[in-house]
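> Generate coordinates for the sequence data below:
(chains A and B)
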Amino acid sequence: GQQVMQIPQYQHVQEGEDFTTYCNSSTTLSNIQWYKQRPGGHPVFLIQLVKSGEVKKQKRLTFQFGEAKKNSSLHITATQTTDVGTYFCAGHSGNTPLVFGKGTRLSVIA
Amino acid sequence: DAGVTQSPTHLIKTRGQQVTLRCSPISGHKSVSWYQQVLGQGPQFIFQYYEKEERGRGNFPDRFSARQFPNYSSELNVNALLLGDSALYLCASSSGGNTDTQYFGPGTRLTVL
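Below is the predicted model of the structure:
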């Protein structure tokens, strides 16, 4: 079945440093979604990418969808303590249910 | 507008017992999905319901069942609980399309002793 893998599993950064998490799917995706889950919280939708090669920005966050629609990345510029949490990618392949990666846990040291 | 609500927030059960979790979607959303999130993992799809019909089922045993009511709220039932069923159970609502954004509720933390 479809698998979605994320690396790294953990990332510790100094406040102000950049952060990137990568997502790879075993199958071509119809779309990819990114969610953020704060410690003790629930996943909160960040963005959805649909087109091959698509790039979207939300303030300090930049999301990319690969040309082959099998990989994606999330880059945060100049991290802040409010960025702490686990970032999940999740994708649909055809009509399949949403499959989540295991997430990347980001810690930001002030 | 109120977001997705779930009840109860926490639950402690013993092995072999049965549990019912409840979810109310965002007003106007007709689809509800259930996910299981084990500590340190991403949410894993259990069920999706749309207009009271089961639209999808994940790789979970028959001990797991769900239903959706005419007001689009939903219940997840788990029978014969096992220790491994301990997890955060998340409900997500969407407007209906299979690839729609999922709006998650706060979850129900189930502990099986």
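> what about the strands in chain B?
B:5-7, B:10-13, B:19-24, B:31-37, B:44-50, B:53-57, B:64-68, B:74-78, B:87-94, B:103-104, B:108-112 (DSSP state E).
> Let me have those strands in TSV, adding mean neighbour count, distance to residue A:18 and mean pLDDT as columns.
For the C-beta atoms, the positions are set from N, CA and C on the backbone; glycine is no exception. As requested, the strands of chain B are exported to TSV (neighbours: other C-beta atoms under 10 Å in any protein chain shown; distance: least, C-beta to C-beta, whole Å; pLDDT from 0 to 100):
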stretch	mean neighbour count	distance to residue A:18	mean pLDDT
strand B:5-7	16	35	97
strand B:10-13	13	37	97
strand B:19-24	19	38	98
strand B:31-37	25	28	97
strand B:44-50	22	30	95
strand B:53-57	14	37	92
strand B:64-68	18	41	97
strand B:74-78	20	40	98
strand B:87-94	24	30	96
strand B:103-104	21	27	95
strand B:108-112	18	34	98
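> check contacts around residue 84.
All of this refers to chain A. By C-beta atoms under 8 Å, 6 or more residues apart in numbering or on different chains, the residues touching residue A:84 are A:38-39, A:106-108.
> Can you look at chain B instead?
residue B:112.
> hang on, the earlier thing: mind giving me TSV with the strands of chain B and columns for distance to residue A:76?
Shown next, in TSV, are the strands of chain B (distance: least, C-beta to C-beta, whole Å):
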stretch	distance to residue A:76
strand B:5-7	29
strand B:10-13	32
strand B:19-24	31
strand B:31-37	23
strand B:44-50	26
strand B:53-57	32
strand B:64-68	36
strand B:74-78	34
strand B:87-94	24
strand B:103-104	21
strand B:108-112	28
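> List the contacts of the residue lying closest to residue A:94 once chain neighbours are set aside.
Among residues not flanking residue A:94 along the chain, residue A:30 sits closest, at 6.3 Å (C-beta to C-beta, 6 or more residues apart in numbering or on different chains). Residues in contact with residue A:30 (C-beta under 8 Å, 6+ apart) are A:50, A:69, A:91-94, B:99.
> Residue A:30 and residue A:10, how far apart?
Distance of residue A:30 to residue A:10, computed by C-beta to C-beta, to the nearest Å: 29 Å.
> swap in residue B:79?
Distance, residue B:79 to residue A:10, by C-beta to C-beta: 36 Å.
> Residue B:9 now?
27 Å.
> Which residue, neighbours along the chain excluded, lies closest to residue B:89?
Going by C-beta to C-beta, 6+ apart, residue B:89 has residue B:108 as its nearest residue, at 4.8 Å.
> was I right about the one you found contacting residue B:4?
No: judged on C-beta atoms under 8 Å, residue B:108 makes no contact with residue B:4 at a distance of 11.8 Å.
> and the nearest residue in space to residue B:22 that is not next to it in sequence, what does it touch?
In space, and not counting its chain neighbours, residue B:22 is closest to residue B:7: 4.9 Å by C-beta to C-beta, 6+ apart. By C-beta under 8 Å, 6+ apart, the contact list for residue B:7 reads B:21-22, B:108.
> and which of those is nearest residue B:46?
Using C-beta to C-beta, residue B:21 comes nearest to residue B:46 of those, at 10.5 Å.
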